[in-house]
Every structure is written in structure tokens, then in C-alpha cells.
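# prediction below, plus the sequence it came from.
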Amino acid sequence: MEEDQDGNEIHNCVIKLREKPKQRRKKVYIGCGAGFGGDRPIAALKLLQRVKELNYIVLECLAERTLAERYQIMISGGDGYDSRITDWLRLLLPLAVERGTCIISNMGAMDPVGAQEKVVEIASSLGLSVSVAVAHEVSSAKLGSGSSTKKSYIMEGGISTYLGAAPIVECLEKYQPDVVITSRVADAALFLAPMV
């Protein structure tokens, strides 16, 4: 552990190899339901309908441009997560839950916890009970004593770090969720995590 010029702690990321990881299946079926922020949800639904053995469907909807847009909207009082999450999950959740297909998406953008709350609200309105895990960055600068950690997951000043597959793997192993929402992660991590 080191400290920066302002005395804030900097934690080095160390990947700890798992000991005797449990193999859950021989084959993992992962579908790409979205490849950019303006993609069409109907294509993801068709994929989910046609590939019955689909274990995971990835909605990759975040880029530097869309992350910056979400930050600007958030500081203006709007949602820090992708506003289209409602359209996507209203369409996909019923069949995904029925089939046991986990949805993994970076639609959490600047407010992944807000997106988690929205997904739970959408599921409830559809009469579904779902487990929603969140893989996101936490600002260590805001975790000092006496500080409020309620919004510590929102990247201060719009600065965010590309996370890798490890936090998504942890969510999948620990919670076995119906949905995983992330903030900014490397695109490949969305697909690598379920393979791990």
C-alpha cells in the first residue's frame, strides 16, 4: 500500500489465483446481446429465444463517449446509468429468468448501484424475483472515517478505472445472480468472467 501526494491510500491490485476452483459445466454458452450503446434490444431477445442452452447473455453498451454522456447527465440531476436499461430488461428478463440465463451488462455506467435498484424495480413490476449483483469501482478517497459512503461508488469528477473480469467472477461465484451490473470494465471482461 502506498499514499499519493494528498495522503490518500492507493491499493495495488493483486490477482489471487483460486485454489481448486469448482468446474460447473463442460461448455459455457455466452451470447452477445449488444455491442454498443445504441444497439437494438430485439436482436438480444431473438438470440435468447433461439439459443435455448444460453447460460449468459452479455449487453455491452458502454464506451468512453457514453460514459462521459452519463456523467454529464448525472451531474445535471439525471441517472448515472444507461437510461435504456428499462427497455432492455423489460424485454429480456422474463425469458432470461425462465431459462436460467444470467444477464451481464455494463449499463451501470457512472451509477451501477442505481442501475441495480432499477433492475430490481423492473423485475418487481414484471412479477419476478431476481438476484442482481454489482461489480464496480469504489473510491477509496471517500472511505475515510466520518465520510458518507452512500455515493462512494460514483466516480468523482467522472474519472473511472477499467476493471477486469475478477470482480464479475466474484459476483458470479458468490451470488449466482440473475443479473450482473457493472460500471466501466474492459469489454472482454464481460465475456471472460463467465468462462472463468
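Here it is on my side, so go on. Numbers count the residues shown, from 1 in each chain.
# all contacts plus neighbour counts: C-alpha atoms, from now on.
Will do.
# ranges for the strands of the chain?
2-3, 9-10, 30-34, 56-59, 102-105, 132-135, 179-182 (DSSP state E).
# identify, out of these, the most deeply packed stretch.
Among the strands of the chain, ranked by average contacts under mean count of other Cα atoms under 10 Å, first place goes to strand 179-182 (a mean of 28).
# packing partners for that one?
Other helices and strands packing on strand 179-182, by 3 or more Cα pairs under 8 Å, 6 or more residues apart in numbering; DSSP states H and E, are strand 102-105, helix 112-125, strand 132-135, helix 166-175.
# buried stuff in the last one?
With burial defined by 16 or more other Cα atoms under 10 Å, the residues of helix 166-175 counted as buried are 166, 167, 168, 169, 171, 172.
# and what of the longest one?
Of all the residues in helix 112-125, those buried under the rule 16+ other Cα under 10 Å are 112, 113, 114, 115, 116, 118, 119, 120, 121, 122, 123.
# now swap in stretch 60-73 and tell me
60, 61, 62, 63, 66, 67, 68, 69, 70, 71, 72.
# tell me how far the second one lies from residue 172.
With the distance defined as Cα to Cα, to the nearest Å, residue 61 ends up 20 Å from residue 172.
# where does the prediction get shaky in the chain?
Residues of the chain meeting the criterion pLDDT under 70: 1-18, 65, 138-161.
# could you pull out the helices for it?
41-50, 64-75, 85-99, 112-125, 166-175, 187-195 (DSSP state H).
# re the thing from before, tell me which of the helices and strands packed on strand 179-182 sits nearest to residue 36.
strand 102-105 (11.1 Å; Cα to Cα).
# could I get the CA-only coordinates of that closest one as CSV?
Only the C-alpha atoms of strand 102-105 are listed here, as CSV (Å, rounded to 0.1, in the frame of the first residue of the first chain):
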residue,chain,number,x,y,z
CYS,A,102,-27.7,-14.7,-16.5
ILE,A,103,-27.6,-11.2,-18.0
ILE,A,104,-24.3,-9.4,-17.7
SER,A,105,-24.1,-5.7,-18.6
